[in-house]
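Q: Predicted model follows, preceded by the sequence.
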Amino acid sequence: MAGGKGTRLHSRLNGLPKPMAPILGKPLLQHLIEQCATNGITDIRLLIAYRGEVIKDHFGDGNQIGVTIQYYMEDQARGTAGALLDVLEDLDDQFLVIYGDTYFDVDLNKLWSFHIDRNADTTLFLHPNDHPQDSDLVEIDQYLKVTEIHTYPHPDHQWHRNLVNAALYMFNKTALIGMRLPLQRPDIAKNLFPKMLELGKSLYGYVSTEYIKDMGTPERLDCVEQDIISGKVVALSSNVQKSALFLDRDGVINHEVNHLSDPEQLELLPGVGKAIRKANQAGILVVVITNQPVIARGDITEMDLRIIHNKLETLLGYERAYIDALYYCPHHPDGGFDGEVSELKIECDCRKPSAGLLVQAAEKLNISLRESWMVGDSTSDILAAIHAGVRNILVRTGYAGRDGEYSCVPDYVAANLGDAVDWVVMGHQASAAKVEPYLAKAANSRLVLIGGLARSGKSSLSQIITEKLVSQGQSVKVFSLDNWLIPQETRLPNDGVLERFDMKAVVEFSRMLKSTRQLLTHKVFPYDRFTKSYTDQANTVNINRDDVVIIEGTPALCNPKLLMLADFSFFMVCDESIRKVRLWNDYRWRGLDKAQFEALYSRREIDEHTLISSSSIHADVVIQICGAEI
């Protein structure tokens, strides 16, 4: 379909027809034809109108780019459906329809095979986008069959799935023979498809996360070019393993509601639209992974859940954000609920903390679990990520890790989804690059110390070092000085930062570590920063003779005996305004109000700021990692 004039692109076209809009110096239409040729589709029919001679002069018979082109000049505007039906008799039994104002990188062979395998009359390429409110939205059933099409504009408070008709179609010619549309300029999406559904034709939706974008405005054209330059287009190709941001739903995206069962109960948390949009723009797939035992309990049906998720997608769409896929577990192992669904009361491998849904998504969407992230608010989210081999971030929204269901330690902690996404998109990679020059020295060390003021990023640095060394085959064990904190009830009122830790025990542990290369067994009673107490159950840590051991904590570089035992040491610095925000988020999570926090912050300034900052002179490296408040 190459007949467009491109009124909205007038400033970029210099009189050219719309399909000849330049994309990085090459006409859009040439990109599309070359895409076809790459997929073995070489019989091209161009339906042209406005300044069609420009297109003819540029492409000729198509031989120079490995295709055969025939032209059909439209004398008067007939609409997309009218133009298609006018040339139907000259088309093959199965054919592909492409719009000349849409840029894409799609495996057309997979689309073609999907269409043939289902003996479909028509197959529509469907995807989520960041402006569903002005797009045609398509409903499909569990078999991917189209059940309804909602053309825009959409009334407010009608919750539809963000599944957009992207204007890339496969047709079975026989389904269109004899088709009559009583309009002068009928449209394929608005007129032909509803008519086909009315006649009982079989329409299917091919749902894909591959790149496709209408570039009919200067802003969208610029966006397409930037997406090509940044590598986003290639990163979303079906044959490229993708990175994903797996998100829990309740407490991460929307406010936590116990057993949420009504669309009215669903409200987005502040800032989540902006955060998810940032991941969308970076070419990272956003996949929701959620346990929904309300189905097994009999509280709602799967259709009810679909409406809830439609509202979620609509609200995100209002903020120009979208999720690429959503996977849920409907099971619940416990019985005894009125109206429960007995066949769903089972032990399964998809309910978090099992990794089943993450693995399923990875297989379906070609996701690299090793290059992906899970963001959750509960221990079941973090443990599911650990089981799947996915890096994880615990957010302090929702349950904020206080559910207490499982014993596990997150890789990173963030105040909210916005901070978590900033870390995933920018902070982690930039920080890892800063650490890179010191990895060889760390790898050859038995004991590495990391010191710095509270919430300066010490635990994040230790995790980055661990990830890097483990990827090189080096085993690492990390210990927080919090595990040697003296219990609150045994401290004296005027104890300073050094008196709050049992540094004698830390030195003894480190001395044993350095004096033997035999297997060491060390018991750790994890310290709960929320309750300010130790857990009853100890974790047994086996330290092998070749392990690198990292000890991180505020006074790590303040003890001369400990410093003498260390092979390498880091001191973390952080912009004080950022550090104060991190501290406030941390203590707000622990239950302090603003006045209590300000008083504590002032005491800490006197108690530890100068002392801990001065310990930086003992570090081999003073470093500041990048990113948001994490």
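A: Alright, I've got the coordinates. From a predicted model like this one, the values you see are computed outputs, not experimental measurements.

Q: Tell me which residues are up against the lengthiest strand in the chain.
A: Counting by DSSP state E, the longest strand found in the chain is strand 164-172. If you take Cβ atoms under 8 Å, 6 or more residues apart in numbering as the criterion, strand 164-172 is touched by 93-99, 102, 104, 106, 111-112, 115, 119-129, 132, 135-138, 149, 188-189, 206, 212, 214. C-beta: built from backbone N, CA, C; applies to glycine.

Q: now stretch 600-614
A: Residues outside stretch 600-614 that contact it (Cβ under 8 Å, 6+ apart) are 451-454, 496-498, 554-555, 558, 580, 583, 587, 592.

Q: Grab the most central residue of the chain for me.
A: Leu245 (2.5 Å; Cα atoms, centre = their mean).

Q: State the helix or strand in which it lies.
A: Counting by DSSP states H and E, the element that carries Leu245 is strand 244-247.

Q: Which strands or helices does that strand pack on?
A: strand 285-291, helix 356-365, strand 373-376 (3 or more Cβ pairs under 8 Å, 6 or more residues apart in numbering; DSSP states H and E).

Q: quick one: Tyr152 is in a strand?
A: No - Tyr152 is assigned coil when assessed by DSSP: H, G, I helix; E, B strand; the rest coil, not a strand.

Q: confidence score at the closest residue to it other than its chain neighbours?
A: In space, and not counting its chain neighbours, Tyr152 is closest to Asp134: 5.1 Å by Cβ to Cβ, 6 or more residues apart in numbering. In this model, Asp134 is scored at 90, pLDDT.

Q: Can you turn the buried part of the contacts of stretch 600-614 into a PyMOL selection?
A: Only the buried entries of the contacts of stretch 600-614 go into this PyMOL selection, using 16 or more other Cβ atoms under 10 Å:
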select buried, resi 451+452+453+454+497+554+555+558+580+583+587
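
Q: thinking again about what came up before, need the helices and strands packed on strand 244-247 in CSV with distance to Ser11, can you?
A: Below are the helices and strands packed on strand 244-247 laid out as CSV (distance: least, Cβ to Cβ, whole Å):
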stretch, distance to Ser11
strand 285-291, 33
helix 356-365, 38
strand 373-376, 40
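
Q: before we move on, back to that, you'd agree the residue nearest to the centre of the chain is up against Val286?
A: Yes - between Leu245 and Val286 there is a contact at 5.1 Å, judged by Cβ atoms under 8 Å.

Q: And the contacts of the strand or helix carrying Leu32?
A: Assessed by DSSP H and E, Leu32 sits inside helix 28-38. For helix 28-38, contacts defined as Cβ under 8 Å, 6+ apart pick out 2, 19-23, 42, 44, 46, 55, 58-59, 62, 65-67, 69, 96, 98, 100-106, 108, 215.

Q: all helices for the stretch 401-550 of the chain, in order.
A: For the stretch 401-550 of the chain, the helices defined by DSSP state H, counting those that start in this stretch cover 417-422, 428-435, 439-443, 458-471, 503-515.

Q: Kindly apply the preceding question to the stretch 101-250 of the chain instead.
A: Under the criterion DSSP H, counting those that start in this stretch, the stretch 101-250 of the chain contains helices at 108-117, 193-198, 218-230, 232-235.

Q: before we move on, back to that, ok, the residue nearest to the centre of the chain - contacts?
A: Neighbours of Leu245 in contact, by Cβ under 8 Å, 6+ apart: 279, 284-287, 372-373, 375, 421, 424.

Q: How about Val341?
A: The neighbours of Val341, taking Cβ under 8 Å, 6+ apart as the test, are 295-298.

Q: Among those residues, which one is most surrounded by other residues?
A: Ala296 (25 neighbours; other Cβ atoms under 10 Å).

Q: Wait, that residue touches Gly335, no?
A: No - applying Cβ under 8 Å, one finds Ala296 not in contact with Gly335, separated by 9.2 Å.

Q: so what's in contact with those two at the same time?
A: Lys345.

Q: Okay, domains of this protein per the record?
A: 7-233, 241-410, 426-630 (automatic domain parsing).

Q: Throw those domains into TSV and include distance to Asn416, thanks.
A: Converted to TSV, the domains of the chain look like this (distance: least, Cβ to Cβ, whole Å):
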stretch	distance to Asn416
domain 7-233	21
domain 241-410	5
domain 426-630	8
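
Q: ranking those domains by burial, who's on top?
A: Greatest average neighbour count among those goes to domain 241-410 (a mean of 19), per mean count of other Cβ atoms under 10 Å.

Q: what mean pLDDT would you report for that one?
A: Across domain 241-410, pLDDT averages out at 96.

Q: May I see the helices of the stretch 401-550 of the chain arranged in CSV, with mean pLDDT and distance to Leu344 as well?
A: Below are the helices of the stretch 401-550 of the chain laid out as CSV (pLDDT from 0 to 100; distance: least, Cβ to Cβ, whole Å):
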stretch, mean pLDDT, distance to Leu344
helix 417-422, 96, 29
helix 428-435, 94, 38
helix 439-443, 97, 48
helix 458-471, 96, 37
helix 503-515, 94, 49
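
Q: what would those helices look like in CSV with distance to Thr531?
A: Listed next are these as CSV, based on distance: least, Cβ to Cβ, whole Å:
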stretch, distance to Thr531
helix 417-422, 24
helix 428-435, 29
helix 439-443, 33
helix 458-471, 19
helix 503-515, 21
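
Q: before we move on, the earlier item: so which of the contacts of stretch 600-614 comes closest to Lys504?
A: The closest of the contacts of stretch 600-614 to Lys504 turns out to be Leu498 (Cβ to Cβ; 11.3 Å).

Q: so how far is Glu552 from the closest one?
A: According to Cβ to Cβ, to the nearest Å, Leu498 and Glu552 sit 16 Å apart.

Q: Please apply the same query to Ile382.
A: 19 Å.

Q: Equivalent analysis for Gly66, please.
A: Distance from Gly66 to Glu552, by Cβ to Cβ: 59 Å.

Q: ok so, going back, next SSE downstream of the strand holding Leu245?
A: helix 272-281.

Q: Mind pulling up the pLDDT for Ala628?
A: In this model, Ala628 is scored at 50, pLDDT.

Q: Please read the previous query as pertaining to Leu565.
A: On the pLDDT scale, Leu565 is placed at 97.

Q: Now do the contacts for it.
A: Contacts for Leu565 (Cβ under 8 Å, 6+ apart) come out as 447, 507, 510-511, 513-514.
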